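*Asks:* Here is a sequence with its predicted model. Questions after.
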Amino acid sequence: MPSDPIQQDGVWWVQQDDGAWIRWDETRGAWLDTNGSLVGSAPSATAGVAATPPAYPAPPGPQKSQSKGPLYAILGVVALGIVAIAIYAMTSGGNSGDKDVTASATTGAPKAAAGNTSASTVPRSTTARPATTAGGSTATAAPGPPGSKAGLFDFDQDGENEPTCGTADFKGGLVVRTYCDDLSGYATEPEQGATLVPGALFALPGPPDDPRDVPITSGASVSGQHLQGADGREVVVYTLSSDTVFATGAASLLEPAMESLTNIANGLKQSYPGASFQVRGHTDSTGTAAANQTLSERRSAAVAAFFVSAGLDKAKVSSVGLGQTVPNYQETNQTGRDQNRRIEIVVRL
């Protein structure tokens with residue numbers, strides 16, 4: 001037997017013996033199935049109209065949804081509660097006495113309390129003073145341990161410059177400050193197949209993606225490091241392989257290298273007007289130390305002279321040869337030796 005008629009949103013429905021639902025169409029005066037087709041055999045319309053339908057659930061098929069007012073009201077109350085909790089957390093968190101964990105501006109991850117010195121978990125002090133990053137934007141520099149000095153760079157862009165705690169001397173007048181925290185994650189990736197010397201200049205971390213590097217490194221195999229000198233001022237070191245500039249054992253510039261050196265000189269003028277430049281020559285340990293020292297001096301002088309001819313101020317360009325005394329890589333294989341034969345251009349601002 002068909003079910004008793006029920007009314008849903010002003011439409012009468014009946015469920016037939018086979019489970020299918022049919023509805024009464026007032027306009028056509030007939031029962032229709034869920035596809036809108038006439039139903040050949042169905043209860044009379046008057047039987048349903050006179051009845052008081054029980055509160056059955058809505059039938060399947062085309063229909064209007066039940067009123068969702070109560071549901072929306074509940075959801076609205078929940079949403080308001082969440083917003084209130086979030087506002088409370090933000091306002092009360094700013095006055096909390098526990099400052100060992102702060103949010104990272106770049107990753108959103110917490111920074112651990114003192115004791116964890118990985119590159120992504122750098123402890124910070126709650127007091128800070130204004131400082132300027134390499135790009136010229138204002139950041140804050142939180143004092144580190146006793147004896148530390150304010151840093152120039154905000155590596156992770158969290159609004160706080162990294163403090164420095166010591167110095168490293170790379171000869172030839174290049175002395176740079178080293179960081180209190182382990183920031184090795186911001187160092188340039190070493191050459192594959194070679195091992196860096198502990199404390200190597202190339203292993204020092206530097207802030208990534210400085211726009212001043214672009215005119216210098218574009219079109220040339222040059223890498224740049226932005227460091228802080230012992231006097232607190234910025235020092236930038238650009239490194240290129242000697243093998244791309246000189247023939248083996250020679251100090252005369254190769255013809256193909258001159259275009260790259262011209263691009264580098266133009267980039268230095270564009271990015272660092274008024275700066276001073278020191279060209280540093282390095283060799284590997286093949287041969288005698290005396291011969292390598294002489295070769296490095298001649299090579300650095302040749303590059304410095306070319307830079308002057310390309311328009312750099314002669315009074316602000318100098319050179320120094322360091323032979324095999326400041327390696328970047330252990331010379332346990334050919335790759336390490338190749339990487340140690342290099343020219344460095346030190347920019348002092």
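*Replies:* Happy to help now that I have it.
*Asks:* so where's this protein uncertain?
*Replies:* Low-confidence segments of the chain (pLDDT under 70): 1-3, 9, 40-143.
*Asks:* What segments of it are helices?
*Replies:* If DSSP state H is used as the criterion, the helices of the chain fall at 45-50, 69-93, 214-217, 257-271, 289-309, 334-340.
*Asks:* how many degrees apart are the fifth one and helix 257-271 in direction?
*Replies:* What that stands for is helix 289-309. 60 degrees (axes from the mean of the first three to the mean of the last three CA atoms, to 10 degrees).
*Asks:* Helix 289-309: which residues count as buried?
*Replies:* Of the residues in helix 289-309, 292-293, 295-304, 306-307 count as buried by neighbour count, 16 or more other CB atoms under 10 Å. No exception for glycine: its C-beta is placed from N, CA and C like everyone else's.
*Asks:* dump the residue contacts of the closest residue to residue 11 other than its chain neighbours.
*Replies:* Nearest residue to residue 11, sequence neighbours excluded (CB to CB, 6 or more residues apart in numbering): residue 23, at 5.4 Å. With contact set as CB atoms under 8 Å, 6 or more residues apart in numbering, residue 23 has these partners: 11, 12, 13, 14, 31, 32, 34, 59.
*Asks:* Now compare the residues you listed and name the two farthest from each other.
*Replies:* Spatial extent of those (CB to CB) is set by the pair 12 and 34 at 13.8 Å.
*Asks:* Which one's more surrounded, these two?
*Replies:* Between residue 12 and residue 34, counted using other CB atoms under 10 Å, the more crowded position is residue 12 (21 against 15).
*Asks:* shouldn't the more buried one be in contact with residue 6?
*Replies:* Yes - counting by CB atoms under 8 Å, residue 6 is a contact partner of residue 12 at 7.2 Å.
*Asks:* Return the closest of the buried residues of helix 289-309 with respect to residue 328.
*Replies:* residue 296 (13.9 Å).
*Asks:* Does the closest one touch residue 326 like I think?
*Replies:* No - in this structure residue 296 lies outside contact range of residue 326 using CB under 8 Å: 9.8 Å.
*Asks:* Need the residues touching each of those two.
*Replies:* Shared contacts of residue 296 and residue 326 (CB under 8 Å, 6+ apart): residue 282.
*Asks:* Just give me the neighbour total for the residue nearest to residue 331 when sequence neighbours are not counted.
*Replies:* Using CB to CB, 6+ apart and skipping the chain neighbours, the partner closest in space to residue 331 is residue 337 (4.9 Å). For residue 337, the neighbour count with other CB under 10 Å is 19.
*Asks:* Now for residue 337: which residues touch it?
*Replies:* Applying CB under 8 Å, 6+ apart to residue 337 gives the contacts 284, 285, 286, 329, 331.
*Asks:* How many neighbouring residues does the fourth one have?
*Replies:* The reference is to residue 329. Using other CB under 10 Å, residue 329 has 24 other residues around it.
*Asks:* swap in the last one?
*Replies:* Counted with other CB under 10 Å, the burial measure for residue 331 works out to 19 neighbours.
*Asks:* give me every residue that touches it.
*Replies:* Contact analysis of residue 331 by CB under 8 Å, 6+ apart lists 284, 285, 337, 340.
*Asks:* which of the contacts of residue 23 are buried?
*Replies:* Burial of the contacts of residue 23 was assessed by neighbour count (16+ other CB under 10 Å); the buried members are 12, 13, 14, 31, 59.
*Asks:* For the first one, which non-adjacent residue is closest in space?
*Replies:* Going back to what we said before, that points to residue 12. In space, residue 12 comes closest to residue 24 once its chain neighbours are excluded; the distance is 4.3 Å by CB to CB, 6+ apart.
*Asks:* Against residue 36, how distant is that neighbour?
*Replies:* Per CB to CB, to the nearest Å, residue 24 is found 13 Å from residue 36.
*Asks:* quick check, nearest of the contacts of residue 331 to residue 312?
*Replies:* Nearest to residue 312 out of the contacts of residue 331 is residue 340 (CB to CB; 26.0 Å).
*Asks:* What about the closest one, how many residues nearby?
*Replies:* Residues lying near residue 340 (other CB under 10 Å) number 25.
*Asks:* Pull the contacting residues for it.
*Replies:* Counting by CB under 8 Å, 6+ apart, residue 340 makes contact with 282, 283, 284, 285, 324, 327, 328, 329, 331.
*Asks:* The fifth one: what's it in contact with?
*Replies:* In other words, residue 324. Residues in contact with residue 324 (CB under 8 Å, 6+ apart) are 282, 283, 284, 285, 289, 292, 293, 340.
*Asks:* now those in CSV, with distance to residue 165?
*Replies:* Below are those laid out as CSV (distance: CB to CB, whole Å):
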residue, distance to residue 165
282, 27
283, 32
284, 32
285, 31
289, 33
292, 34
293, 33
340, 28
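*Asks:* Now stretch 246-265: buried residues?
*Replies:* Neighbour-count burial for stretch 246-265 flags 246, 251, 253, 257, 260, 261, 262, 263, 264, 265 (criterion: 16+ other CB under 10 Å).
*Asks:* Same list (the buried ones among the contacts of residue 23) but as CSV, adding distance to residue 223.
*Replies:* Below are the buried ones among the contacts of residue 23 laid out as CSV (distance: CB to CB, whole Å):
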residue, distance to residue 223
12, 81
13, 76
14, 81
31, 82
59, 73
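*Asks:* And these, which is closest to residue 159?
*Replies:* Scanning those for proximity to residue 159, where the rule is CB to CB, the winner is residue 59, at 60.7 Å.
*Asks:* I'd assumed residue 235 was in contact with residue 348.
*Replies:* Yes - with contact defined as CB under 8 Å, residue 348 counts as touching residue 235 (5.7 Å).
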